[in-house]
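Engineer: got a structure for you, letters missing:
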């Protein structure tokens, strides 16, 4: 597995090879690979093997500090790790698909995507229509539940995320929003001196106001905050919304597979435990029928959110034991891997307790959602069916071509 270098120009990196303090289990290689992106800002690429980690790093990096951070990540994630038990709910990975190549080069050649910065892409007409087709399927799912439509802001208050412990669980993925201080001298100085060097804005940190808002990492959070500190209307809610989500993934941001700015359509359930779990399962069954119609090769399996080191194994074990998250992993034939394009989630009463959302009997509400990444599923479809609509399933071709 390789992490591609950052897109902007840097001096030639140097190779650093690190022998981990113990052999990294094969089932933890991918997780270590992902987390190495956050070890040190001087890392430009990484390759992980069970007994050797190779890093390309900027020449000015302090290698002793770098090695210590890498060893800390490896030990936190992999030392004493036990292979998780995989539960597969659906497996259609053997469905034949006509395309085997990486769609990215062709998408770039045809100007169907345009990279504006790492993890930030503009989509052309073909990909936009394809994403629209998949959103229509997810809207049909929402309509089957008579889900109430919502529109949520892109910004989310820092005080909200603090209430749900986001700063502790996912600090590495946060994207902060600020503005210039309301001071005429600061504004004048910025307008005269601000410039970009190497793709980075050069301005004094003192120019910016304290962070009160962040770019939202998930759609469903906004609904839970809207329901906070009061009884749940009629004891249950089913809602749907689409929105831009932001999760920074450093040098892992390499293609449409991993985006900093992506679009998520969710169907959200709030109510009793049985209400949430039954609707989550109904949603899965209905989406299975939709994926079957177009012949998508995928599987649904239990998964874990990418919690930060120190919390990862505890949280991963908890999620696995209570079947809190199942991912829709679509086959990518060009590299014989899979890509998570959506998930079926159950949060138990975490948001109910944290935000004081109560059922008619006064107990905390349970929550869950089904969530689909529109850019990801469009990319995964193209990886199986190519960019020529004539080779697409008829339903998709008629709706999106």
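Structural biologist: Thanks, I have the structure now. Please read these numbers as outputs of a predicted model, since none were measured by experiment.

Engineer: Show me the strands in the stretch 301-401 of the chain, by range?
Structural biologist: With strands called from DSSP state E, counting those that start in this stretch, the stretch 301-401 of the chain shows them at 325-332, 337-346, 357-358, 366-373.

Engineer: hey, which of those is tucked in deepest?
Structural biologist: Highest mean neighbour count among the strands of the stretch 301-401 of the chain (mean count of other CB atoms under 10 Å): strand 366-373, with a mean of 25. Every residue, glycine included, has its C-beta placed from N, CA and C.

Engineer: In its sheet, which strands sit next to that strand, and in what direction?
Structural biologist: strand 261-271 (antiparallel), strand 337-346 (antiparallel) (DSSP bridges).

Engineer: Including mean pLDDT, could those strands go into a markdown table?
Structural biologist: Formatted as a markdown table, the strands paired with strand 366-373 follow (pLDDT from 0 to 100):
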| stretch | mean pLDDT |
| --- | --- |
| strand 261-271 | 98 |
| strand 337-346 | 96 |
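
Engineer: Which one of the ones you listed lies nearest to residue 28?
Structural biologist: strand 337-346 (16.1 Å; CB to CB).

Engineer: among the strands paired with strand 366-373, which is nearest residue 301?
Structural biologist: strand 337-346 (9.2 Å).

Engineer: Can you tell me what sits against that closest one?
Structural biologist: 93, 257, 276-277, 280, 283-284, 287, 298-300, 303, 322-332, 366-373, 376-377, 379-380, 383 (CB atoms under 8 Å, 6 or more residues apart in numbering).

Engineer: Hmm, residue 240 and residue 152 touching each other?
Structural biologist: No: counting by CB atoms under 8 Å, residue 152 does not reach residue 240; the two are 11.0 Å apart.

Engineer: can you redo the strands of the stretch 301-401 of the chain as JSON lines with distance to residue 187?
Structural biologist: Formatted as JSON lines, the strands of the stretch 301-401 of the chain follow (distance: least, CB to CB, whole Å):
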{"stretch": "strand 325-332", "distance to residue 187": "45"}
{"stretch": "strand 337-346", "distance to residue 187": "43"}
{"stretch": "strand 357-358", "distance to residue 187": "41"}
{"stretch": "strand 366-373", "distance to residue 187": "38"}
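
Engineer: Out of those strands, flag the one nearest residue 132.
Structural biologist: strand 366-373 (12.7 Å).

Engineer: the inter-axis angle of that closest one versus strand 325-332?
Structural biologist: For strand 366-373 against strand 325-332, the angle by axes from the mean of the first three to the mean of the last three CA atoms, to 10 degrees is 10 degrees.

Engineer: tell me the mean pLDDT for strand 366-373?
Structural biologist: Strand 366-373 carries an average pLDDT of 97.

Engineer: how about stretch 57-75: buried residues?
Structural biologist: Buried residues in stretch 57-75, counted by 16 or more other CB atoms under 10 Å: 57, 61, 66, 67, 69, 70, 71, 73, 74.

Engineer: Next, give me the two most distant ones among those residues.
Structural biologist: Greatest spatial distance in the buried residues of stretch 57-75: 61 and 74, 17.7 Å, computed using CB to CB.

Engineer: Now flag whichever of the buried residues of stretch 57-75 is closest to residue 17.
Structural biologist: Minimum distance to residue 17 across the buried residues of stretch 57-75 is 9.9 Å, recorded for residue 67 (CB to CB).

Engineer: Spit out the contact partners of the closest one.
Structural biologist: Contacts of residue 67 by CB under 8 Å, 6+ apart are 16, 18.

Engineer: so it, which of the three states?
Structural biologist: helix (DSSP: H, G, I helix; E, B strand; the rest coil).

Engineer: just to revisit the earlier point, quick one: the strands paired with strand 366-373 as a markdown table, columns for distance to residue 128 too.
Structural biologist: Shown next, in a markdown table, are the strands paired with strand 366-373 (distance: least, CB to CB, whole Å):
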| stretch | distance to residue 128 |
| --- | --- |
| strand 261-271 | 11 |
| strand 337-346 | 17 |
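
Engineer: one step back: pick out the lowest-pLDDT one from the buried residues of stretch 57-75.
Structural biologist: The lowest pLDDT within these belongs to residue 61, which sits at 84.

Engineer: just checking, that residue touches residue 44?
Structural biologist: No: counting by CB under 8 Å, residue 61 does not reach residue 44; the two are 9.6 Å apart.

Engineer: Thanks a lot, catch you later.
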